[in-house]
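1. return a 3D structure for these sequence lines:
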Amino acid sequence: MAAVSGDLYVEVQMFYARQIAMLDDGDFEGFAGTFLPDGVFRPAGGRAEVCGREIIAKASEAASDRFDGAQPRHWFDMLRVTPEANGGIRTNYYAAISITASDGSTRWEPTCVVEDELVRVDGELASRSRTVVRDDLPSR
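-> You can find the predicted model right below:
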């Protein structure tokens, strides 16, 4: 794997910090707005892929129902960043979701591997596609 500049690595981390804070805070339109207008999200568990910001926002909100009012937190780690010749950026990272109820109890969802394709739009990063693969299910 080619070396990645520290500036790019930090920029990608900051993009994810902003993107996922919106998701965890219930700003589904803001989260979806970090995708291209025709962006693609392939969720874990064999659910059908969703395309476009409006559908990504609706699907994200619908998926949040499983938290039953508890606070989700998405945790990303082991980030690999690979610039592509066409200017795109591929990332691969591990993800886990903790869900904390109002009584302080916390549960975890199965861990996942996430693969993204990021692009620049007007100098800012945006998600072109995301694929989430759960570790407890058969691989791709």
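2. residue most distant from the centroid, this protein?
-> Asp103 (27.2 Å; Cα atoms, centre = their mean).
3. on the three-state scheme, that residue is what?
-> With DSSP: H, G, I helix; E, B strand; the rest coil as the basis, Asp103 sits in coil.
4. okay, and for the protein, where does confidence drop off?
-> Along the chain, the model assigns pLDDT under 70 to residues 1-2, 139-140.
5. for this structure, what spans make up the helices?
-> 6-24, 28-32, 53-63 (DSSP state H).
6. switch those helices over to TSV; also include distance to Val121.
-> C-beta here means a position set from N, CA and C on the backbone, and glycine is covered the same way. Formatted as TSV, the helices of the chain follow (distance: least, Cβ to Cβ, whole Å):
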stretch	distance to Val121
helix 6-24	12
helix 28-32	14
helix 53-63	13
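7. give me whichever of these is most buried.
-> helix 28-32 (a mean of 20; mean count of other Cβ atoms under 10 Å).
8. all the strands of the protein, in order from the start?
-> Using DSSP state E, the strands assigned to the chain run over residues 35-42, 50-51, 71-83, 89-100, 106-108, 112-121, 124-134.
9. mean neighbour count, the ones you listed: which tops it?
-> strand 50-51 (a mean of 20).
10. what's in contact with it?
-> If you take Cβ atoms under 8 Å, 6 or more residues apart in numbering as the criterion, strand 50-51 is touched by 38-41, 43, 56, 59.
11. Asp7: which of those residues is nearest?
-> Using Cβ to Cβ, the shortest approach to Asp7 within the contacts of strand 50-51 belongs to Gly39, at 24.3 Å.
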